[in-house]
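*Asks:* generate coordinates for the sequence data below:
(one chain, ligands or ions: 1)
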Amino acid sequence: MKVEFYKHNIGQQDIDNVVEVLNSLFLTTGEVVNEFEDKFSRYLGCRHTVGVTSCTAALHLSLLAYGIRPGDEVITTPMTFIATANSIIHAGATPVFIDVEPDTANIDVDLIEGAITSRTKAILPVHLYGQMCDMKKIRQIADKHHLAVIEDAAHAIEASRDGIRPGELGDAACFSFYATKNITSGEGGAVSTNNEEIAEKLKKLRLHGMSKGAAERYFRRYEHWDMEMLGWKYNMDNIQAALLLNQLENIEKYWQRREEICRLYEEAFMYDSQLACLKVLPNSKSARHMFTILVPPEKRDSTLWQLQERGIGVAVNYKSIHLLSYYRETYSYKRGMFRIAEKIGDSTITLPLYPKLTNEEVQYVIKGVKDVTTSYGKV
Ligand SMILES: Cc1ncc(COP(=O)(O)O)c(C=O)c1O
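*Replies:* Numbering: from 1, shown residues only. Model prediction:
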């Protein structure tokens, strides 16, 4: 049997929506993007959404919109994809890592205040694998120290914690519609915020700092545009938005199926002494973006390869990024500095998780994992 690591969920309705745009006049940022942004805001319960080309772009622009600049420091964790910390560097600032909690792999909020200096301007929590960080505590700390909070919600569109959604307590929440995300346009992203001024600024920053986009220039009486600030070319287009509309409508249905699959995995692995799962806290709805298991570090790579030999698609999300060459060389990060992130990064394996996964495939993955992990003791 072959179980792919990921299969997208694009169906005929999604294809029809894209064809409709392709048969229309306007391919770049226009009405369909506006429609998606409105519907995404409504889904989240947030006032504004600005569609961009990736979550990396969303993070970069959010940091700029909140005035992060060279010399500033932004606190985040190394247990994430490099996009999180790279976006801080793109804004000219320095990523300051702190360690994560062992049970969730999310930022350890008790370590935040110890990392704050006179240069700290923002906190960038990552809602890893779909479970939100403790936004109530993060907001309190940020308010006390006058810091912005930019949420990396790439994994967490459907999540909530203590009834709080992404973008509700943060100053901005950034989402990804990358090829393997819960809803996807191949590449794509968005920022959601309740701050109208920031949303307006983000709309300019995503398009070179221009005061008017192409749709505003074309469909109304011609008005000249100005360049008000230095922006980037990060605008979402109508084709990407068309691909997302129907997925957004079905997002809870897709989540439900991933939740079922995660529960099957959790039940199967709960009493397994050779491996561990991260916890979803009782006050938390995980968006269930990834399902990861933790195995002994010295067994991780051989386990990955044995699962692959059985036709099971696997991945590593993530090795702690402070140990990557660029981060070691540029910021003198070393092994031993973030022990929990390192341990998770050395132990983690991501299993297949997507709505199209059948129960038969799930059972095949479970059996594969059990067979490999129970053979650890044997030569
Ligand atoms: C935690 C996290 N943040 C940010 C990103 C960046 O997303 P994008 O590929 O849309 O730029 C990713 C993408 O995989 C991610 O996993």
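*Asks:* identify each buried residue in the helix or strand hosting residue 326, please.
*Replies:* With the criterion set as DSSP states H and E, the secondary-structure element containing residue 326 is helix 325-331. Neighbour-count burial for helix 325-331, with 16 or more other Cβ atoms under 10 Å as criterion, is recorded at residue 327. For the C-beta atoms, the positions are set from N, CA and C on the backbone; glycine is no exception.
*Asks:* which bits of the protein sit near the ligand?
*Replies:* Taking Cβ under 6 Å from any ligand atom as the test, the list of the chain residues beside the ligand reads 54-56, 80-81, 83-84, 126, 152, 154-155, 176, 178, 189.
*Asks:* check which element follows the helix holding residue 326 along the chain.
*Replies:* Secondary structure here is assigned by DSSP H and E; on that basis, the next helix or strand after helix 325-331 toward the C-terminus is helix 339-347.
*Asks:* what pLDDT does residue 212 get?
*Replies:* You'll see residue 212 listed with a pLDDT of 87.
*Asks:* tell me who's in contact with residue 6.
*Replies:* Residue 6 makes contact with 179, 180, 313, 352, 353, 354 under the criterion Cβ atoms under 8 Å, 6 or more residues apart in numbering.
*Asks:* which one of these is nearest the ligand?
*Replies:* residue 180 (7.4 Å; Cβ to the nearest ligand atom).
*Asks:* next one, pLDDT for that closest one please.
*Replies:* Predicted confidence (pLDDT) for residue 180: 96.
*Asks:* hmm, residue 43 is touching residue 249, no?
*Replies:* No: with contact defined as Cβ atoms under 8 Å, residue 43 and residue 249 do not form a contacting pair (9.1 Å).
*Asks:* still on that earlier bit, out of the residues of the chain next to the ligand, list just those in helices.
*Replies:* The members of the residues of the chain next to the ligand that map onto helices under DSSP state H are 55, 56, 83, 84.
*Asks:* mind listing the helices in the stretch 51-200 of the chain by residue range?
*Replies:* Listed in chain order, the helices of the stretch 51-200 of the chain (DSSP state H, counting those that start in this stretch) span 55-65, 82-90, 112-115, 135-145, 196-205.
*Asks:* that older thread, which elements pack onto the helix holding residue 326?
*Replies:* Other elements packing on helix 325-331 under the criterion 3 or more Cβ pairs under 8 Å, 6 or more residues apart in numbering; DSSP states H and E are absent; no helix or strand qualifies.
*Asks:* what lies in contact with that helix?
*Replies:* Taking contacts as Cβ under 8 Å, 6+ apart, the residues outside helix 325-331 that touch it are 78, 85, 94, 95, 321, 322, 333, 334.
*Asks:* buried ones from the residues you listed, can you make that a ChimeraX selection?
*Replies:* With 16+ other Cβ under 10 Å as the burial test, the buried ones among the contacts of helix 325-331 are selected in ChimeraX as follows:
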select :78,85,94,95,321,322,333
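*Asks:* list just the nearest of the contacts of helix 325-331 to residue 240.
*Replies:* Within the contacts of helix 325-331, proximity to residue 240 (Cβ to Cβ) peaks at residue 85, which comes in at 25.1 Å.
*Asks:* what residues does the lowest-mean-pLDDT helix or strand in the chain touch?
*Replies:* Sorting the helices and strands of the chain by mean pLDDT, DSSP states H and E puts helix 214-219 at the bottom, at a mean of 81. The contact list for helix 214-219, computed with Cβ under 8 Å, 6+ apart, reads 26, 28, 29, 30, 31, 223, 225.
*Asks:* that one: which residues count as buried?
*Replies:* Within helix 214-219, the residues scored as buried using 16+ other Cβ under 10 Å are 214, 215.
*Asks:* next: stretch 71-87.
*Replies:* 72-81, 83-87.
*Asks:* now that stretch: mean pLDDT?
*Replies:* In this model, stretch 71-87 carries a mean pLDDT of 98.
*Asks:* repeat that for stretch 239-259.
*Replies:* Within the predicted structure, the mean pLDDT of stretch 239-259 is 98.
*Asks:* any chance you could list what contacts that stretch?
*Replies:* Applying Cβ under 8 Å, 6+ apart, the set of residues contacting stretch 239-259 from outside is 9-11, 13-14, 17-18, 20-22, 27, 32-33, 35-37, 39-40, 43, 51, 53, 157-158, 177, 182-188, 287-289, 353-355, 357.
*Asks:* go again with 6 Å.
*Replies:* If you take Cβ atoms under 6 Å, 6 or more residues apart in numbering as the criterion, stretch 239-259 is touched by 13-14, 17-18, 21, 27, 32-33, 36, 39, 158, 183, 185, 188, 288, 353, 355.
*Asks:* what do you get for stretch 124-132?
*Replies:* For stretch 124-132, contacts defined as Cβ under 6 Å, 6+ apart pick out 74, 76-77, 80, 84, 104-107, 133, 138, 150-153, 155-156, 159, 161, 280, 284, 286-290.
*Asks:* so where's this protein uncertain?
*Replies:* Low-confidence segments of the chain, defined by pLDDT under 70, are located at 378-379.
*Asks:* quick one, longest helix in it?
*Replies:* Of all the segments of type helix in the chain, defined by DSSP H, the longest one is helix 251-269.
*Asks:* strands paired with the next helix or strand after it, and their directions?
*Replies:* The first helix or strand that comes after helix 251-269 along the chain, using DSSP H and E, is strand 276-277. As defined by DSSP bridges, the strand partners of strand 276-277 come to strand 291-294 (antiparallel).
*Asks:* which strands and helices lie in contact with whichever helix or strand comes after the strand it pairs with?
*Replies:* Beyond strand 291-294 in the direction of the C-terminus, DSSP H and E gives the next helix or strand as helix 297-309. Using 3 or more Cβ pairs under 6 Å, 6 or more residues apart in numbering; DSSP states H and E as the contact test, the elements touching helix 297-309 are helix 339-347, helix 359-374.
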